[in-house]
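Peer 1: the amino acid sequence is not available; the structure is as follows:
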């Protein structure tokens, strides 16, 4: 069963490398993994030496490690294995070279492509060229003529890989069109549709209008969902009737999401397309079986009717429907109520002031209150912030009396009130460029008040606002205030906030912080050293060295124990999600996840980021999207793909992973090679599909069953 599932997680045309997924041996494989994680080949170039090993498993693990380390001095050694007798080794060599943005790697791959006879290895070479080649290589890939459906699929994926790097041209479009010939099949169409989707160029896509329309009728839901995005980019209003008729009959929620998101591109060309049929269709989707469709339909209503003035009857129907979400007694999920309240404000703007105010005062739900606060940003009168501040102040005073709270820290970190503050900071950020110069000064001091809150969301978003050009002349003053806030932080409990401040000092080139940042370089915390050194370089223009190394939570005993855990079950508000863990391809990430789960780190956390038909994301105890453990993980790449239901690690860039994870709703191949995959959902995708923002993750069970 395990082998079958592992095959499912790879693209159908990816060579199944059974050696890659074999059990870790010690100590040689351990040495390779340590060097991979430390991003070095070591003084003795151990992974390179292992390329000559008789142990094929060790050779493949060394090639994978070198793909992660990306030391250009190893390209020649890796390329030599493109000629190896073993197809598994040639495949992994091609995979490894695909992660070197280097002309030498491209040259080796091209040479091997001409000689390679094994279809699956040739496919890996073509895909790697898509990851590393320039437009000249795109033209070569576009000229591939073959009857082999497997090669066609990977050629389409390769064209998409080029497009991900903004390398696209008419030759790629013509190649994709030619693939849709007489022997065209649904599986090939999936990757052709994905390639069109990633090209995302109106002029180029017009050349394939007919083919994209054909893909919109595909039996493959992923092919359809991508095709409708491409059709929306073209934006031909003559397609609108077809698009809305499909939406009316469509069963797949992920296709519905993409169609809904494409509607505005047609409306922009002709607002008269908003008629009674579209209005009734859109309002009917407020009651769809899938929560993501309901929420997206509500948002779409706000977008489409934002500037609508053609038909007051249609506008009245929409208003009447949205008004239902203001009824307290009506049994509707509070997040849907919140989205409806926001759409109401998007459409009716200042006219909605009284109904929003009344709802804010009346509702006991702080989540809905936060939605209302953010909804005020749609007002034309930017001075609305004063009324909002009054509402929040009254709420805080009432809350404090009820809970006998006197400390400012307790107010901000009370949980419920923190939600209000976070919404208010978002409102201020949206309004700050629309207020008078005098009021901007007030905004500056409000942002500075929040930088001392120790709340990661408030700090980070205040920093973003204070970095705006409107406060450019105030940076010296701002830096001085931030230096006082920084000194109030305590390590290690405030480590995440400390790092935010360090990064901001670098952005502001705060010279007065140089001595403090230099002192940080003596810390035994690698991240403090790393971020301080980067900030110092921005301030002084000099490179700084430090001796502290990244933390390893790695030993033979823990890895043997790790392999004994095959599954993790996420117990969520919407049901259980069973994950098959993949320590064979992401050992450090799996080990970290298991350690955190065993410490109950994930218990009672929320899914703080949910993007319909993309991902659900959780794993942050701070609920801000900025939290994590007291270490970072290095990205672990392997020839596995982000299909639907993949369990990956979130990051803010290469080698910055921590505790936050995500699960994909649909294939997301643009994440391949950029984010770590540490598991695959094998049960409970129905729960994944139902989870919306702020849903709870109760706890995690590690199991072998």
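Peer 2: Looks like it came in fine. Given the structure is predicted, the values throughout are model-derived calculations rather than measurements. Numbers count the residues shown, from 1 in each chain.
Peer 1: for the strand or helix carrying residue 203, buried residues please.
Peer 2: Using DSSP states H and E, residue 203 maps to helix 202-206. Along helix 202-206, the positions that meet the burial threshold by neighbour count (16 or more other Cβ atoms under 10 Å) are 204, 205. No exception for glycine: its C-beta is placed from N, CA and C like everyone else's.
Peer 1: what ranges do the strands span in the chain?
Peer 2: 567-572, 575-581, 605-606, 609-611, 615-618, 646-649, 661-664, 677-683, 696-703 (DSSP state E).
Peer 1: go through those strands and name the closest to residue 65.
Peer 2: Taking Cβ to Cβ as the criterion, residue 65 comes closest to strand 677-683 out of the strands of the chain, the separation being 16.4 Å.
Peer 1: for the closest one, give me every contacting residue.
Peer 2: Residues from elsewhere that reach strand 677-683 (Cβ atoms under 8 Å, 6 or more residues apart in numbering): 5, 8-9, 567-568, 576-583, 585-586, 589-590, 593, 636, 638, 640, 642-643, 645-649, 661, 663, 688.
Peer 1: with stretch 286-301 instead?
Peer 2: Contact partners of stretch 286-301, identified using Cβ under 8 Å, 6+ apart, comprise 253, 256-257, 260-261, 263-264, 282-283, 285, 318, 321-322, 333, 335-336, 339-340, 342-343, 347, 612-613, 689-690, 692.
Peer 1: residue 350 contacts residue 383, doesn't it?
Peer 2: No: in this structure residue 350 lies outside contact range of residue 383 using Cβ atoms under 8 Å: 10.5 Å.
Peer 1: on that earlier part again, can I have the buried ones of the contacts of strand 677-683 as a PyMOL selection?
Peer 2: Buried members of those can be picked out in PyMOL with the line below, counting by 16+ other Cβ under 10 Å:
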select buried, resi 9+567+568+577+578+579+580+581+582+583+585+586+589+590+593+636+638+640+642+643+645+646+647+648+649+661+663+688
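Peer 1: avg pLDDT for the helix holding residue 203?
Peer 2: What helix 202-206 shows for mean pLDDT is 98.
Peer 1: what of stretch 354-361?
Peer 2: Averaging pLDDT along stretch 354-361 yields 97.
Peer 1: any regions of the stretch 401-550 of the chain where pLDDT drops low?
Peer 2: Scanning the stretch 401-550 of the chain for pLDDT under 70 picks out the ranges 407-414.
Peer 1: right, so of the strands of the chain, which gets closest to residue 534?
Peer 2: For these, the distance to residue 534 is smallest for strand 646-649, at 21.7 Å, taking Cβ to Cβ.
Peer 1: other residues contacting that closest one?
Peer 2: 9, 579, 589, 633, 635, 642, 657-658, 660-664, 668, 671, 675-681.
Peer 1: contacting residues around the nearest residue to residue 141 once chain neighbours are set aside?
Peer 2: Across the structure, with Cβ to Cβ, 6 or more residues apart in numbering as the measure, the residue nearest residue 141 apart from its sequence neighbours is residue 158 (5.2 Å). Shown in contact with residue 158 (Cβ under 8 Å, 6+ apart): 126, 127, 129, 130, 141.
Peer 1: wait, residue 668 sits on residue 615?
Peer 2: Yes: distance between residue 668 and residue 615: 7.4 Å, which falls inside the contact criterion (Cβ under 8 Å).
Peer 1: of these two, which one has the most company?
Peer 2: residue 615 (23 against 19; other Cβ atoms under 10 Å).
Peer 1: bridging residues for the more buried one?
Peer 2: Beta-bridge pairing of residue 615 under DSSP bridges involves residue 611, residue 664.
Peer 1: quick one: it and residue 667 touch, right?
Peer 2: No: no contact is recorded between residue 615 and residue 667 when judged using Cβ under 8 Å, the distance being 11.7 Å.
Peer 1: gap between the residue nearest to residue 141 and residue 191?
Peer 2: For residue 158, the distance to residue 191 (Cβ to Cβ, to the nearest Å) stands at 9 Å.
Peer 1: okay, and the common contacts of these two?
Peer 2: Common neighbours of residue 158 and residue 191 (Cβ under 8 Å, 6+ apart) do not exist.
Peer 1: before we move on, back to that, tell me which of the contacts of residue 158 is nearest to residue 164?
Peer 2: residue 130 (8.5 Å).
Peer 1: can you pull the pLDDT of that closest one?
Peer 2: In this prediction residue 130 is given a pLDDT of 97.
Peer 1: which residue is the nearest non-sequential neighbour of residue 344?
Peer 2: Nearest residue to residue 344 in three dimensions, chain neighbours excluded: residue 322, at 4.6 Å (Cβ to Cβ, 6+ apart).
Peer 1: tell me the contacts of residue 602?
Peer 2: Shown in contact with residue 602 (Cβ under 8 Å, 6+ apart): 596, 618, 619, 621, 659, 697, 699, 700.
Peer 1: out of those, which end up buried?
Peer 2: Listed as buried from the contacts of residue 602 are 596, 618, 619, 621, 659, 697, 700; burial here means 16+ other Cβ under 10 Å.
Peer 1: can I get these in CSV with distance to residue 245?
Peer 2: Output for those, formatted as CSV (distance: Cβ to Cβ, whole Å):
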residue, distance to residue 245
596, 48
618, 37
619, 41
621, 46
659, 45
697, 39
700, 44
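Peer 1: count the neighbours of residue 37 for me.
Peer 2: By the other Cβ under 10 Å criterion, the neighbourhood of residue 37 contains 20 residues.
Peer 1: closest one to residue 304 out of the buried ones among the contacts of residue 602, please.
Peer 2: Residue 304 has its nearest neighbour among the buried ones among the contacts of residue 602 in residue 618, at 31.2 Å by Cβ to Cβ.
Peer 1: contacts only, for the closest residue to the closest one other than its chain neighbours.
Peer 2: Excluding its sequence neighbours, the residue lying closest to residue 618 (Cβ to Cβ, 6+ apart) is residue 607, at 4.3 Å. Residues touching residue 607, when contacts are defined by Cβ under 8 Å, 6+ apart, comprise 572, 616, 617, 618, 691, 692, 693, 694, 695, 696, 697.
Peer 1: kindly recompute the last result at 6 Å.
Peer 2: Taking Cβ atoms under 6 Å, 6 or more residues apart in numbering as the criterion, residue 607 is in contact with 616, 618, 691, 695.
Peer 1: one more: residue 339?
Peer 2: Counting by Cβ under 6 Å, 6+ apart, the residues that residue 339 touches are 295, 298, 299.
Peer 1: same thing but 10 Å
Peer 2: Under the criterion of Cβ atoms under 10 Å, 6 or more residues apart in numbering, the neighbours of residue 339 are 286, 294-299, 301-302, 322, 325, 333, 371, 375, 692-693.
Peer 1: next one: residue 281
Peer 2: Under the criterion of Cβ under 10 Å, 6+ apart, the contact list for residue 281 reads 244, 245, 247, 248, 263, 275, 297.
Peer 1: if we go to 6 Å?
Peer 2: Shown here is residue 281, whose contacts under the criterion Cβ under 6 Å, 6+ apart are residue 248.
Peer 1: most surrounded residue in the contacts of residue 607?
Peer 2: Counting neighbours by other Cβ under 10 Å, the top entry in the contacts of residue 607 is residue 616, with 28 neighbours.
Peer 1: that one touches residue 689, doesn't it?
Peer 2: No: taking contacts as Cβ atoms under 6 Å, residue 616 lies outside contact range of residue 689: 9.1 Å.
Peer 1: counting neighbours, what do you get for the nearest residue to residue 509 once chain neighbours are set aside?
Peer 2: Sequence neighbours aside, residue 539 is the residue nearest to residue 509 in space, at 5.0 Å (criterion: Cβ to Cβ, 6+ apart). When neighbours are counted by other Cβ under 10 Å, residue 539 registers 19.
Peer 1: I figured residue 539 was touching residue 508, is that so?
Peer 2: No: counting by Cβ under 6 Å, residue 539 sits too far from residue 508 to count as a contact (8.6 Å).
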